[in-house]
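Trainee: Model the structure of this input:
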Amino acid sequence: MARKTLETIAVVAFDGISPFHLSVPCMVFGEDRTEAGDPRFRLQVCGTEPGPLQTNAGFTLGVPHGLEAIRRAQIVIVPSWCDDGRPAPPALIRALQAAHRRGAIVVGLCLGAFVLAEAGLLDGRLATTHWNLAEAFARQYPKVRLQPEVLYVDDGDVLTSAGTAAGIDCCLHLLRVRHGAEAANRAARRMVVAPHRQGGQAQYIRQPMPAAAEGDRLAPLLEWLGRHLQSPHELDSLARRALMSRRTFTRRFREATGTTVGQWLQNQRLALAQRLLETTDRPVERVATDVGFGSAVSLRKHFAAAFKVSPTAYRRQFSQEAVAA
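Mentor: Down below sits the predicted model:
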């Protein structure tokens with residue numbers, strides 16, 4: 001059997017970087033999980049300048065690679081940028097532009113979106129960044145179609161995310177798109193984070209749960225819904241189950257999850273459909289019924305809208321047999 005070529009991922013580090021932001025792509029793509037059947041990547045952290053780099057936490061990093069590593073990478077990730085908004089080094093801008101021209105995927109996590117915008121990679125495209133600097137971003141880069149309220153944006157060969165934890169969501173999404181839901185789910189379990197949050201989910205929740213009792217009522221409801229995705233659910237019956245009025249339930253649900261009941265159910269059903277397509281040989285019609293879409297037509301419609309591929313094509317690419325081949 002021919003040995004699979006490792007994908008090279010270049011992660012850009014700079015003087016003053018946050019260790020957490022740097023660790024996000026390293027945790028998702030840098031750990032060896034091949035024993036579980038997951039893909040392995042050649043991850044290379046590259047510095048914007050030679051020599052040790054100082055972190056904003058007070059310790060230094062020895063970065064073995066320079067920006068030349070970007071020339072060999074299929075994926076380039078800028079995990080953040082300086083809070084003061086200083087321009088990126090011209091060498092970094094040129095390296096990102098060259099990578100994008102030759103077909104590499106370029107990712108800007110958190111304030112890394114500023115660097116991608118400075119390079120002109122976001123002109124006319126959808127993007128996001130940390131909500132706290134969204135207004136400054138919009139003023140500085142008016143050609144970008146900024147979506148400041150979402151967790152991350154996948155615009156094909158360019159991805160951007162909101163701050164901190166949203167970078168994890170974006171990296172897991174990229175892993176899911178390239179290697180399937182099961183690989184992303186295993187990585188998420190290893191990191192003890194939510195396996196899948198849709199990019200369109202709200203960045204932050206203004207008032208997470210004002211009353212502890214209401215939070216206690218929602219948690220078991222979400223768990224119960226996850227076990228009964230195959231059944232139809234009405235808003236009024238869910239509100240009664242949570243011991244709330246319809247209006248209160250709708251508001252509290254969005255505050256707790258960052259999305260609507262209908263969208264949350266659709267996201268969960270799509271995620272389950274991905275897992276069943278990867279790990280079982282059930283016909284698409286059976287998968288549609290088992291996840292709650294009711295018909296193969298409905299599943300195909302929602303699946304293609306979310307993932308830009310049909311369920312059958314997804315299975316050919318990500319089933320356990322295809323991954324093992």
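Trainee: Low-confidence ranges, the stretch 101-250 of the chain, go.
Mentor: Residue ranges of the stretch 101-250 of the chain with pLDDT under 70: 195-216.
Trainee: can you give me the strands for it?
Mentor: Applying DSSP state E, counting those that start in this stretch to the stretch 101-250 of the chain gives strands spanning 105-108, 126-127, 145-146, 152-154, 158-161.
Trainee: mind giving me CSV with those strands and columns for distance to Gln44 and mean neighbour count?
Mentor: Every C-beta, even on glycine, is put in place using the N, C-alpha and C of the backbone. As requested, the strands of the stretch 101-250 of the chain are exported to CSV (distance: least, CB to CB, whole Å; neighbours: other CB atoms under 10 Å):
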stretch, distance to Gln44, mean neighbour count
strand 105-108, 14, 27
strand 126-127, 25, 21
strand 145-146, 30, 18
strand 152-154, 23, 23
strand 158-161, 19, 28
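Trainee: Put together TSV for those, with distance to Cys82 on each row.
Mentor: Below are those laid out as TSV (distance: least, CB to CB, whole Å):
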stretch	distance to Cys82
strand 105-108	13
strand 126-127	18
strand 145-146	19
strand 152-154	21
strand 158-161	17
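Trainee: I'd like to know which of the ones you listed is closest to Ala136.
Mentor: Ala136 sits nearest to strand 145-146 of all the strands of the stretch 101-250 of the chain, at 10.7 Å, using CB to CB.
Trainee: Show me what the closest one is packed against.
Mentor: Judged by 3 or more CB pairs under 8 Å, 6 or more residues apart in numbering; DSSP states H and E, strand 145-146 is in contact with strand 126-127, helix 134-140.
Trainee: Can you give the contact residues for the top helix by length along the chain?
Mentor: For the chain, the helix with the greatest residue count under DSSP state H is helix 261-279. Here helix 261-279 makes contact (CB atoms under 8 Å, 6 or more residues apart in numbering) with 176, 180-182, 185, 195-196, 198, 200, 225-226, 229, 233, 235, 238, 250, 253, 257, 259, 282, 284, 287-288, 290-293, 299, 302-303, 306-307, 311, 314-315, 318-320, 323.
Trainee: out of those residues, which are buried?
Mentor: Neighbour counting by 16 or more other CB atoms under 10 Å classes 176, 180-182, 185, 195-196, 198, 225, 229, 238, 250, 253, 257, 259, 284, 287-288, 290-293, 299, 302-303, 307, 311, 314-315, 318-319, 323 among those as buried.
Trainee: still on that earlier bit, which of the helices and strands packed on strand 145-146 sits most buried?
Mentor: Of all the helices and strands packed on strand 145-146, strand 126-127 has the most neighbours on average by mean count of other CB atoms under 10 Å, namely a mean of 21.
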